[in-house]
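**Student:** Mind looking at a prediction? Sequence and model below.
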Amino acid sequence: MLTRLILQSLAWLAFMGVLLFGAAGTLAWPAAWWYLLELAVLSLWLGVWLARHDPALLAERLAPLVQAQQSRWDRLFMAGIGAAWCGWLILMGFDAMRFRWSAPLPVWLMSLGALCVFLCIFLCRLVFRANSYAAPVVKIQASRGHKVADTGPYAYVRHPMYAAALVFFVGTPLLLGSWWGLLALPVMAYGMGWRAVREERLLAEQLDGYTEYMARVRYRFVPSIW
């Protein structure tokens, strides 16, 4: 499974590199190289940890993003978010390097971006430790004895993975030096919020104890806010 993890991660990073550097029109973009390197190291770190502690979850994370068990709305969402992701990377390449619409960001802000990317992956590890059913697609994993996760970060918010993604969506454009990329954050946040609401409806209908969990943990992404 580790071999599959490495090959799949390399393929994904290579695809991201093609989008970023292709849009930038140059390979001389140190921030993008650092971004891809950081993602490679952190992804390997998280994947190796999963392989040792929860190989079943790792298998779920490596599965296709469109599956037979998914609801139709989630398949459409995954297709839409995939297109939005590609457009986002291309936009940042255009902005930061090819056309330089954004003024150069100070080093401390780019460093903050790198820290946000690290924090996202670290938070994901906390999520995976608390929830062995944190698949990338919305489905009930009946064959694995799916049950409600309510410990760790799930004791504070109902969707800590999405909260971690918000940190990532802030960190990526900061590290790459693109103010225009940062402006996409409200769109990304709205999309994740829409999915969270639909996901909760499915879980409340099909997963024992989820309605009670929602009553105990009031907030979805950020405590005391939403």
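**Tutor:** Happy to help now that I have it. Numbers count the residues shown, from 1 in each chain.
**Student:** For residue 189, see how far away the residue nearest the centre of the chain is.
**Tutor:** Most central in the chain under Cα atoms, centre = their mean is residue 165, positioned 4.5 Å from the mean C-alpha point. Residue 165 sits 9 Å away from residue 189 when distances are taken as Cβ to Cβ, to the nearest Å. Every residue, glycine included, has its C-beta placed from N, CA and C.
**Student:** Ok, residue 100 next?
**Tutor:** Here the distance between residue 100 and residue 189 works out to 27 Å (Cβ to Cβ).
**Student:** Tell me which residue of this protein is positioned farthest from its centroid.
**Tutor:** Ranking residues of the chain by C-alpha distance from their mean position (Cα atoms, centre = their mean) puts residue 99 at the top, at 27.5 Å.
**Student:** how far away is it from residue 167?
**Tutor:** Between residue 99 and residue 167 the distance is 27 Å, computed by Cβ to Cβ.
**Student:** repeat for residue 93
**Tutor:** When Cβ to Cβ is applied, the distance between residue 93 and residue 167 equals 22 Å.
**Student:** hmm, who's touching the strand or helix carrying residue 74?
**Tutor:** Following DSSP states H and E, the helix or strand that holds residue 74 is helix 72-93. Contacting residues not belonging to helix 72-93 are listed as 16, 19-25, 29, 32, 65-66, 70, 137-139, 172-173, 176, 178, 180-181, 184, 187-188, 191, 194-195, 198-199 [Cβ atoms under 8 Å, 6 or more residues apart in numbering].
**Student:** that older thread, residue 100 and residue 189: which has the busier surroundings?
**Tutor:** For the pair residue 100 and residue 189, the greater number of neighbours falls to residue 189 (16 against 12), based on other Cβ atoms under 10 Å.
**Student:** Which helix or strand contains that one?
**Tutor:** When elements are defined using DSSP H and E, residue 189 is found to belong to helix 185-206.
**Student:** Okay, angle between that helix and helix 72-93 too, please.
**Tutor:** Angle of helix 185-206 versus helix 72-93, following axes from the mean of the first three to the mean of the last three Cα atoms, to 10 degrees, is 160 degrees.
**Student:** didn't residue 59 look like it was pressed against residue 1?
**Tutor:** Yes. A contact is recorded between residue 59 and residue 1 when judged using Cβ atoms under 8 Å, the distance being 6.8 Å.
**Student:** those strands in the protein, which residues are they?
**Tutor:** In the chain, no segments count as strands under DSSP state E.
**Student:** Show me where it has its helices.
**Tutor:** With helices called from DSSP state H, the chain shows them at 2-24, 30-53, 55-62, 72-93, 107-130, 160-176, 179-182, 185-206, 210-216.
**Student:** Among the ones you listed, pick out the one with the most neighbours on average.
**Tutor:** Most buried of these by mean neighbour count (mean count of other Cβ atoms under 10 Å) is helix 160-176; its value is a mean of 22.
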